[in-house]
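K.L.:
let's see this in three dimensions:
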Amino acid sequence: MSKISLRFPYLIYLSIASVLIGVIIAPWFRDLPEQQSAADMMAHEMQHGLLEVPAVGAPQVAITVEQDPMNGWNVTLTTSNFTFTPHMVNSENVDNTGHAHLYVDGIKIARLYGPNFHIPFLSESEHEISVNLSSNDHSYYVIDGNRIAARATVTQEMNDQSAE
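P.N.:
Coordinates of the predicted model:
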């Protein structure tokens, strides 16, 4: 029994050393995707073209942002003269079809292929939620150089949420 008790502390030390070595060398053996900075996202946004359309018959969008009963915010888009076409993304443009880009405080958070989206968390403060309509090739629909877009402002309060 005494020989086992002398070896037991060494097993604990060996286990602790193995864990520490694993923690130290683990980052070398995993490939983590890099997070895009806000500047990188903005540069990407500038690569999208503009698709000028006449005001008569142009696609239109309105946005509603409501507190979700459980958590976060529910975004609902109402469009006219526009059809969501997720199956046609990255293909040639067809008039008044495509998808939308959703932004929170000017930072793109999602590409929308339908009228509904859930934002699960916002930091405590006032936020601008906006959406732009895009064609199948990701060009922004514009009228007289202005993007076809809609905006709403919400205020995330601590332990409570309300929309303005």
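
K.L.:
tell me the secondary structure at the residue positioned nearest the centre of the chain.
P.N.:
Computing the C-alpha centroid of the chain and ranking residues by Cα atoms, centre = their mean puts residue 109 first, at 2.2 Å. Here residue 109 is recorded as strand under DSSP: H, G, I helix; E, B strand; the rest coil.

K.L.:
residues contacting the nearest residue to it once chain neighbours are set aside?
P.N.:
The shortest distance from residue 109 to any non-neighbouring residue, by Cβ to Cβ, 6 or more residues apart in numbering, is to residue 102 (5.6 Å). Bear in mind the C-beta positions are built from the backbone N, C-alpha and C, glycine included. Going by Cβ atoms under 8 Å, 6 or more residues apart in numbering, residue 102 touches 75, 108, 109, 110, 111, 112, 117, 129, 130, 131.

K.L.:
and with 7 Å instead?
P.N.:
Neighbouring residues of residue 102 by Cβ atoms under 7 Å, 6 or more residues apart in numbering: 75, 109, 110, 112, 117, 131.
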